[in-house]
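Chemist: turn this into a model:
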Amino acid sequence: MTLIGRRADTARLGELLRDTRLVTVTGPGGVGKSALAAEAIGRLGRGRSAPEVLRVDMAPVREAAAVHRRLAEAARRLPESGWRAAVLLVDTCEHVAGAVVDGLEALLRQRTGLRVVVTSRVPLGGGAGAAAAGGAASSGGAASAGGGVRRRPGPRGATLRLEPLAPDDSVALLESLAPHDALADDAGREALHATCDLLEGLPLAARIAASQLARQRPDRLLERISRPAGCLDLAVEEPRWPARQRSLRASLRWTHRLLTPAEQLLWARCAVFPGTFRLPDAARVCADERLPAPALPAVFRALQRQGVLAVRERGGGRAIAGAAAGAADRPDRPVRMVRPVRAYGMEQLVRLGEEAAFQRRCLDWTMVPDEGSED
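Modeler: Numbering: from 1, shown residues only. Just a heads-up that it's a prediction; the model follows:
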């Protein structure tokens with residue numbers, strides 16, 4: 001099966017696996033990292049030439065000792081070097097990336113023929129030098145097991161950044177998953193196209209939306225997710241899916257828990273921006289004694305690495321989640337929050353009791369002329 005809209009990404013990951021022993025696939029939650037990794041690994045060979053593939057799921061793990069134990073168990077199941085090629089898929093590592101880095105460093109030294117694919121919402125290197133899909137960069141460093149990101153050395157490899165689907169591919173995916181009667185007329189197809197615009201290219205969101213079409217018309221689904229937090233409340237009742245992937249709210253909660261308190265606070269406060277903004281704008285609106293201006297640039301870049309802040313391509317292109325091609329180190333680049341991320345952040349701001357104060361600060365910001373603004 002070919003993943004819709006992922007032909008180039010699949011080919012690029014295959015190339016990287018032929019050239020290097022460690023590749024990390026990064027990207028925001030719900031973008032399809034695990035599916036892409038499985039697809040690319042499955043194309044590495046057929047029959048006797050196919051490598052032995054083992055998958056290690058790190059989602060349930062919380063302690064470094066448990067990470068190392070899982071990697072050691074996988075190593076015992078791998079074929080001896082020289083007997084058969086082997087690929088290890090280490091899935092969902094963002095919350096224990098530091099321990100994964102340590103474990104893989106030792107494992108790659110011991111197993112000289114082993115290739116490893118890691119999936120993580122953040123680069124193992126903490127984001128420095130991460131490449132957009134179609135490019136690679138060396139990786140080193142990690143997220144701390146307790147949340148937040150700390151830089152540290154690690155095994156060198158390549159990083160492939162996976163981005164949300166292009167608009168046409170997003171529509172094609174939703175149409176491929178929707179019941180036939182949802183596409184029976186032009187009104188239904190138009191509602192599905194509008195739904196894709198609101199879901200902003202996340203394959204997970206498309207799959208959750210498609211699950212709703214079995215019991216409601218496309219126009220009703222569109223009406224529901226048009227409300228600010230409507231897309232967060234869509235859920236799929238599928239016990240085979242990980243709990244963090246049964247709704248966008250659960251997926252974003254998983255990301256939120258990975259962040260430091262300062263990063264969580266900036267996410268909430270940046271939700272007041274209705275469109276694009278830059279680091280200096282965030283400092284003007286969001287900084288105070290709880291979030292001092294000198295500390296804000298590092299927090300801002302961390303949110304880019306996590307995909308909370310999406311880099312907007314110049315020329316009016318679609319938003320690109322995360323720090324593609326070093327954009328996290330350029331404060332002049334405009335960013336925005338995609339709709340579900342902003343809705344979740346606004347809920348946190350309300351919970352903190354800061355909504356009114358920071359809405360006023362944002363309003364004051366809009367009154368100040370900015371010659372560099374694109375909006």
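Chemist: give the next helix or strand downstream of the one helix or strand residue 262 maps to.
Modeler: Using DSSP states H and E, residue 262 falls within helix 261-270. Note on helix 261-270: by DSSP H and E, the next helix or strand toward the C-terminus is helix 279-286.
Chemist: got the confidence number for the residue lying closest to residue 226 once chain neighbours are set aside?
Modeler: The shortest distance from residue 226 to any non-neighbouring residue, by C-beta to C-beta, 6 or more residues apart in numbering, is to residue 198 (6.8 Å). (Glycine included, C-beta is placed from N, CA and C.) At residue 198 the predicted local confidence, pLDDT, stands at 90.
Chemist: so which helix or strand takes in residue 198?
Modeler: When the helices and strands are read off by DSSP H and E, the one containing residue 198 is helix 186-199.
Chemist: what are the buried residues along that helix?
Modeler: Using 16 or more other C-beta atoms under 10 Å as the test for burial, helix 186-199 gives 188, 189, 191, 192, 193, 194, 195, 196, 198, 199.
Chemist: which parts of the stretch 101-250 of the chain are helices?
Modeler: 167-177, 186-199, 203-212, 218-226, 230-233, 248-258 (DSSP state H, counting those that start in this stretch).
Chemist: got the contact list for the shortest one?
Modeler: Read that as helix 230-233. The set of residues external to helix 230-233 that reach it, using C-beta atoms under 8 Å, 6 or more residues apart in numbering, is 198-199, 205, 224-225, 247-249, 252, 339-340, 343-344, 347.
Chemist: low-scoring pLDDT stretches of the stretch 151-300 of the chain, where are they?
Modeler: Confidence mapping of the stretch 151-300 of the chain against pLDDT under 70 gives the ranges 151-156.
Chemist: how does it look with 90?
Modeler: Flagging of the stretch 151-300 of the chain using pLDDT under 90 yields the residue ranges 151-157, 178-189, 199-200, 211-216, 227-231, 233-246.
Chemist: bridged to the nearest residue to residue 38 once chain neighbours are set aside, which residues?
Modeler: Taking C-beta to C-beta, 6+ apart as the measure, residue 38 lies nearest to residue 89, with 7.1 Å between them; neighbours along the chain are not counted. Residue 89 forms beta bridges with residue 55, residue 117, as assigned by DSSP bridges.
Chemist: quick one: contacts for residue 89?
Modeler: Taking C-beta under 8 Å, 6+ apart as the test, what residue 89 contacts is 37, 38, 41, 53, 54, 55, 56, 116, 117, 119.
Chemist: measure it to residue 98 for me?
Modeler: Distance of residue 89 to residue 98, computed by C-beta to C-beta, to the nearest Å: 19 Å.
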